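Undergrad: Structure of the sequence below:
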Amino acid sequence: MMTTKRIQSMATALLALGLAAPINASQGDPTTFVHLFEWSWRDVATECETFLGPNGYAAVQVSPPNEHITGSQWWTRYQPVSYEIVSRGGNRAEFADMVSRCKLAGVDIYVDAVINHMAHGSGEGVAGNAFGNKQYPIYSPRDFHNTCAINSEDYANNAWRVQHCELVGLHDLDTDADYVQNTIAGFLNDLLSLGVAGFRLDASKHMPANDIADVLAKLNKPAVIFQEVIDQGGEAITASEYHQNGLVTEFKYSIKLSNAFKQGKLAWLKSFGESWGLMQSHKAVVFTDNHDNQRGHGGAGSIVTFKDGNLYDLANVFMLAFPYGYPKVMSSYEFNGNTDAGAPSLPVHQNGNLNCNSAQWQCEHRRPMISGAMQFRNHTSGDWNVDNWWDNGNNQIAFSRGNLGFVAINREPFGMNQQLQTGMEPGTYCNVLTGAKVEGQCLGQSIKVDENGYAHVSIEAMQALAIHHQSKITAPPPDLEDWQRTLVFIKAQTQSGQDMFIRGGLDHTAALQRGVDCSANPMRCALPIKHLNMRNVTTAPWKVGDTMLDWSEAQNGQANGAKGSPLDWTSDVWPAQWGAEKRYDRDGFGVMPLNQWGAHYWLLEVEMNCNHTFNGWFEVKAFVNNGQGWEADINQQGTPYMSNNHFAQCGKMNVFEFGKDSAMILPL
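TA: Numbering: from 1, shown residues only. Next up is the predicted model:
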């Protein structure tokens, strides 16, 4: 089993999970998945190739793929008859073809796995298998809990009944039994063998968390796990019980976000997240709506759905722009108030045409504001912070994601006109919610950022704006830049009050070999960098103005005390005796999932212009302030030329030890 330890940068988290890499690198690293509710396998495959992959979606949640009872209602998919891969979505060959084609397009498949129960009653499934009286092709009566009904009051005070009695009359599997666990694991492993990357575990709340853990321990491959647990507080079973197994659906997110957009004020959302009673970001799968609550089921409430028009788009823009959780975009169909109604009879893709319209498939994920906001999230995942927040005290808000992106949302019935700090570099940017940047030009609106980072933001009523660093149209020619995320870990035993800095760049002689003479201007041997971690309140002032990895002590603009480019202290664990846990994704230092080696690994996380390196290589030397001072000379093996410094590679994860010759260079 593999689970995320954080979602500080979902790009990093998803790549750590081994998920599909983006085929179109210009769309950034994938951070968002979509639920193509009740789509056929053929339609999903085509959508991966024609839209999801090219636009940067990470994955698709598909409907349950195994045999279910007959009937046109959507919920028949949630009444399993067997684990044979035959369903309304298609047969096994079509399913396998979909998984393969989506993977080639850079999109993973998450299966909605129904493992808590089997179908009620008796009859024949869609694959022709008979069932009845708790007798199925894979289970017999001894594999189920005794028949009893879950009463409404049980949810508040009787966890045992919630997890051992029948949910709406569906026969409840004895998930504590070895045979049942092995059978479920066999089903999931079969799907993994076909290339499936993850699972939504339906009705997880109705299974003990330890039973789920036992099943997941039997999986043959790592998988993304997210569990459906409806926890709105005051219940006998809590979502936190399931964090041990992976991610958990945060239903309160949908309700609280919808309340702000439908009845409240967007200005409230400045602190949206854990302080609102939501689970920790790195454990949460979030959504504006899902297939249950848009029909009044599953914790429902007054939520935003596709029927809310622009309001729905704006809520999704906020979800995708704000750094919290792993977001899921809903893709629905019109059901005209009939909450049992199955999907439209026409396919989504038909003879080269799309049946996406108000009467059939809604295809919300294709809406320009939603797909544009998804790409904004992809391109701003490197800075998991909200900066430069502004609001009008009511329903106009704006904020930046460090210097990587800026978003503004106007939910007022009148226009928005403000001069706002964007945090962005000067230049002209495309509003990605109205059109992409194509061949250096905006297909939609553009906005100009001045030399001080300010822009005049003009937005019509019920509209929004989003720009990011890759939507800039006045950037230098691409052949002059090759920015890549680069990490340098250096282990050094340090104490409170000590800080680590590094200096580096290119050796002057080596620079001459690539036609660069640094003798008159040493900064020509420096490397352009952009710090990606501005969360540590101690080191952040030293990072402001630190735009070059160079051999000098400090640049103009860095705060007093800077001795070079600052690093942040990280560890792989945080023992209880250390007090309140510090996390790199939240605090800028502390537990960092990419640190697999131990405490005292100091980290530089930057974007670096690799075109300024020596065939991808550069040098660094560390200095511990108020401590060891400069490290000793280094004699590293396998380097491009002789030097007494560490050699690192641009675009890689580089791991060193203070004053030691050892080096480990890993891909990111």
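Undergrad: Start from the N-terminal end of the stretch 301-450 of the chain and give the helices.
TA: For the stretch 301-450 of the chain, the helices defined by DSSP state H, counting those that start in this stretch cover 310-321, 368-380.
Undergrad: Let's have those in TSV, adding mean neighbour count, mean pLDDT and distance to Ile237.
TA: Bear in mind the C-beta positions are built from the backbone N, C-alpha and C, glycine included. Formatted as TSV, these follow (neighbours: other Cβ atoms under 10 Å; pLDDT from 0 to 100; distance: least, Cβ to Cβ, whole Å):
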stretch	mean neighbour count	mean pLDDT	distance to Ile237
helix 310-321	23	98	26
helix 368-380	25	97	31
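Undergrad: Kindly export the strand or helix carrying Val488 (C-alpha atoms) in CSV.
TA: Element membership of Val488 [criterion: DSSP states H and E] is strand 483-491. Output of strand 483-491 as CSV, limited to C-alpha atoms (Å, rounded to 0.1, in the frame of the first residue of the first chain):
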residue,chain,number,x,y,z
TRP,A,483,14.0,26.3,-15.3
GLN,A,484,13.9,23.0,-13.4
ARG,A,485,13.0,22.2,-9.8
THR,A,486,16.3,21.3,-8.0
LEU,A,487,16.9,20.0,-4.5
VAL,A,488,20.1,20.0,-2.4
PHE,A,489,20.1,18.1,0.9
ILE,A,490,23.2,18.5,3.1
LYS,A,491,23.4,16.6,6.4
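Undergrad: for that strand, packing partners?
TA: strand 499-505, strand 601-609, strand 617-625, strand 646-649, strand 652-657 (3 or more Cβ pairs under 8 Å, 6 or more residues apart in numbering; DSSP states H and E).
Undergrad: change it to 6 Å
TA: Where contact means 3 or more Cβ pairs under 6 Å, 6 or more residues apart in numbering; DSSP states H and E, strand 483-491 is packed against strand 601-609, strand 652-657.
Undergrad: what is the rounded mean pLDDT of the shortest one?
TA: Per-residue pLDDT over strand 652-657 has a mean of 97.
Undergrad: For that strand, buried residues please.
TA: Within strand 652-657, the residues scored as buried using 16 or more other Cβ atoms under 10 Å are Lys652, Met653, Asn654, Val655, Phe656, Glu657.
Undergrad: One more: stretch 397-412?
TA: Neighbour-count burial for stretch 397-412 [16+ other Cβ under 10 Å]: 397-412.
Undergrad: ok, residues contacting the strand holding Val488?
TA: Residues outside strand 483-491 that contact it (Cβ atoms under 6 Å, 6 or more residues apart in numbering): 600-610, 622, 648, 650-651, 653-658.
Undergrad: by how many degrees do that strand and strand 652-657 diverge?
TA: Counting by axes from the mean of the first three to the mean of the last three Cα atoms, to 10 degrees, strand 483-491 lies at 20 degrees to strand 652-657.
Undergrad: Strand 483-491 to strand 601-609, inter-axis angle?
TA: Using the same axes, to 10 degrees: strand 483-491 against strand 601-609 is 160 degrees.
Undergrad: so what strands line up beside strand 483-491?
TA: Applying DSSP bridges, strand 483-491 is found paired with strand 601-609 (antiparallel), strand 652-657 (parallel).
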